[in-house]
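>>> Got a sequence here, can you model it:
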Amino acid sequence: MRKNIERNGSHSAHLRQALLLLGLFGTQVSNCFQVSPAVHLASVPRQHTLCCSAKSDKKSADGTSSKSLISPQGAKMEETSNGAKIELKRRRLNLSWCSRDDCYVEELREKVVGQHNEIKFEHPATGQVAYQWSNENAPKPTPRVLILVKRNDDELLKVAADVVKELAAEDDVNIMLHPDVAAKLSHYYSVDNNKILLFDPKAVPGFGGNHLPIDSTQYSFCSSMNDDEEEYEMNDHPDLVCTLGGDGLLMYASSLFSGPCPPILCVAGGSLGFLTPFSRCEMVDAIRISLGLDSTKDNAFRSSSGNDNAWLEEPMPKLPTRSSGEKSIEKLDVDNGRQKRPKVKFGANNLICLSMRMRLDCCVVNREGVVRARFSVLNEVVIDRGSSPYLAALECFCDDVHLTTVQADGVIFSTPTGSTAYSMAAGGSVVHPAVPAILVTPICPHVLSFRSMVFPDHVVLRCYVPDDARSDAAVAFDGKHRRELHRGDSVQIEMSAYPVPTINRGDHSSDWLTSLKRNFNFNTRARQSPL
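As a prediction, this is how the structure comes out:
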């Protein structure tokens, strides 16, 4: 019986030792977990997957045989054959994020802390982005602002003439205008100054449609960056873009800068104005503050009530309208020859908040793998049946994994900015502009189970017309550049490396929620009376 007890005790000791060694010195493992990428000023997908590997921080002091002990305090100790005791440390779990090209360990928000390999987030995946101009003493060129005006609107052209006159009167800013706008201002309003520069938009290499030859070197693989694109001249770019119009003018400004895009100040001049938080009477002051010419240190966002956040609750100044329903130009009071305007309230301590609006890099590829067109999209890509009476038949893939077969009027691939446009009208979700995501929303699907989906921004989506489709399809990019998709053609969609930074009146959340409530009467109904 004594031998059995000794044998059982020996087995128990060996079992405890084996379990302990298995937990401490097991083989290296590698597991992958899906994570959401973080958004920076230069929007590049942080990763495809989050990978972890286990490494041993400390081995035995010598190569002799040893047995494991556990101290009364719970610390793991190791006793060597010569009687020495050393403390055993757990293997550390190392994390890295992996893109399609390589894996990295820098700038990772997922951290491993503690002795028990506790994985935690160091910070949110996204956040409010703000900018300020550096105060270097080195000589700097005169800042330039590009002013874009809604076409065929004489009223807004008059507003632009007054703004250009006032800005040109100062000696610290240059104004860039389209040649046709500059000609109209000079002819109708006698606006002519050496501070006015003509803006000649140049096509970014690698972007465009059928106006380029198919064998052009600018048509390379969609996801690669061409040498011509890397050497794209930025000297003619403005420091700031100011749009005087509606949301469509912002989309036009985005199309002018398919590559890097300067900050855009959106001034309301259209009918809806979901993305235009500034009014016309604030235009001059807002331009100067956005360029860093006027300090915002004294603009501390304080109300008379002393509430630091009360400025977020103040409504945007409304544009005056005539009783007959016609538009009217805002009247500015004049005192001692100077125009009196309400003080612009945005920015604080020389920091200006931005909404980093993600764009989609879209390529049309034919059956032979040749890129026939490439566009940068701010709102959405729509693939539909075109003029065909049949349902569109499309095969969709996510990272080369089959997603679904679309049998519908079409499908929408939308950015968070475009989630409140066509995608919302088709039943898609409304997404905050800071969320790094791609929305896929069907248009009138002929099934009951196809619902809108949201994908992380690091995926590559591809949709092609199969050979057995009844007819061709059509694709449109931000409602423009519409073209046919023949059998075998595909559209590849991924996140663009260059976002569109729009200047916030408050911050990205307050501007977005204010627009939802003001333009769409978001969740508005009569409140129930108390019982």
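>>> Tell me the secondary structure at residue 181.
helix (DSSP: H, G, I helix; E, B strand; the rest coil).
>>> Please disregard the earlier target; I meant residue 424.
Put simply, residue 424 is helix when judged by three-state DSSP.
>>> and if you look at residue 251?
Secondary structure of residue 251, reduced to three states by three-state DSSP: helix.
>>> In contact with it, which residues?
378-379, 478 (C-beta atoms under 8 Å, 6 or more residues apart in numbering). For the C-beta atoms, the positions are set from N, CA and C on the backbone; glycine is no exception.
>>> Residue 165 should be in a helix, yeah?
Yes - secondary structure assignment places residue 165 in a helix (three-state DSSP).
>>> roughly how far apart are the closest residue to it other than its chain neighbours and residue 484?
Setting aside the residues directly before and after it, residue 165 is nearest to residue 191 in space (C-beta to C-beta, 6 or more residues apart in numbering), at 6.0 Å. Between residue 191 and residue 484 the distance is 44 Å, computed by C-beta to C-beta, to the nearest Å.
>>> These two - which one has more neighbours?
Under the criterion of other C-beta atoms under 10 Å, the comparison of residue 191 against residue 484 puts residue 191 first, with 21 against 13.
>>> Packing partners of the top strand by length along the chain?
With DSSP state E setting the assignment, residue counts place strand 401-414 as the longest strand in the chain. Packed against strand 401-414, as judged by 3 or more C-beta pairs under 8 Å, 6 or more residues apart in numbering; DSSP states H and E, are the following elements: strand 380-384, strand 392-398, helix 422-425, strand 437-445, strand 461-464.
>>> count of neighbours near residue 474?
Residue 474 has 17 nearby residues by other C-beta under 10 Å.
>>> Revised request: answer the last question for residue 291.
By the criterion of other C-beta under 10 Å, residue 291 has 22 neighbours.
>>> Tell me the predicted confidence for it.
For residue 291, the model assigns a pLDDT of 90.
>>> Please, which helix or strand holds residue 159?
Secondary-structure element containing residue 159, defined by DSSP states H and E: helix 154-169.
>>> quick one: average pLDDT of that helix?
Predicted confidence along helix 154-169 averages 93 (mean pLDDT).
>>> and it, which residues are buried?
Along helix 154-169, the positions that meet the burial threshold by neighbour count (16 or more other C-beta atoms under 10 Å) are 156-157, 159-168.
>>> Pass me the low-pLDDT residue ranges in the chain, would you?
Applying pLDDT under 70 to the chain flags the ranges 1-78, 80-81, 87-107, 210-235, 296-343, 348.
>>> Check which residues of stretch 477-489 are buried.
477-478, 481, 485, 487, 489.
>>> Looking at those, which two lie furthest apart in space?
478 and 487 (25.1 Å; C-beta to C-beta).
>>> what sits up against stretch 517-528?
With C-beta under 8 Å, 6+ apart, stretch 517-528 has contacts from 272-274, 316, 420, 513, 516.
>>> end-to-end on it?
19 Å (C-alpha to C-alpha, to the nearest Å).
>>> Buried residues, it. List them.
Neighbour counts over stretch 517-528 (16+ other C-beta under 10 Å) mark residue 518 as buried.
>>> now do stretch 445-458
Burial within stretch 445-458, assessed by neighbour count using 16+ other C-beta under 10 Å, is assigned to 445, 450, 452-458.
>>> Name the nearest of those residues relative to residue 133.
Scanning those for proximity to residue 133, where the rule is C-beta to C-beta, the winner is residue 457, at 28.7 Å.
>>> what separates that closest one from residue 358, distance-wise?
The span separating residue 457 from residue 358 equals 6 Å under the rule C-beta to C-beta.
>>> ok so, going back, pairing partners for the helix or strand following the helix holding residue 159, with directions?
Tracing the chain past helix 154-169, the next element assigned as helix or strand by DSSP H and E is strand 174-177. Here the strand partners of strand 174-177, with direction, are listed using DSSP bridges: strand 144-149 (parallel), strand 196-198 (parallel).
>>> Please work out which residues outside strand 174-177 touch it.
Surrounding strand 174-177, the residues in contact under the criterion C-beta under 8 Å, 6+ apart are 142-147, 164, 167-168, 185, 193, 195-199, 238.
>>> which among those end up buried?
With neighbours counted by 16+ other C-beta under 10 Å, the contacts of strand 174-177 contain buried members at 143-147, 164, 167-168, 185, 195-196, 199, 238.
>>> Between all of those residues, which two are separated the most?
Comparing all pairs in these by C-beta to C-beta, the longest separation belongs to 143 and 185, at 20.3 Å.
>>> quick one on the thing from earlier: can you give me the angle the helix holding residue 159 makes with strand 144-149?
What separates the directions of helix 154-169 and strand 144-149 is an angle of 160 degrees, with axes from the mean of the first three to the mean of the last three C-alpha atoms, to 10 degrees.
>>> Quick check: which helices or strands does helix 154-169 pack against?
Packed against helix 154-169, as judged by 3+ C-beta pairs under 8 Å, 6+ apart, are the following elements: strand 144-149, strand 174-177, helix 179-189, strand 240-245, helix 283-290.
>>> Kindly format the C-alpha coordinates of it as CSV.
These are the backbone C-alpha positions of helix 154-169, laid out as CSV (Å, rounded to 0.1, in the frame of the first residue of the first chain):
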residue,chain,number,x,y,z
ASP,A,154,-25.9,85.0,-60.0
GLU,A,155,-26.7,85.6,-56.4
LEU,A,156,-23.7,83.5,-55.2
LEU,A,157,-21.5,85.1,-57.8
LYS,A,158,-22.3,88.5,-56.2
VAL,A,159,-21.5,87.1,-52.7
ALA,A,160,-18.2,85.8,-54.1
ALA,A,161,-17.3,89.2,-55.6
ASP,A,162,-17.8,90.9,-52.2
VAL,A,163,-15.6,88.2,-50.5
VAL,A,164,-12.8,88.5,-53.1
LYS,A,165,-12.8,92.2,-52.8
GLU,A,166,-12.4,92.1,-49.0
LEU,A,167,-9.8,89.4,-49.1
ALA,A,168,-7.8,91.1,-51.8
ALA,A,169,-7.8,94.3,-49.8
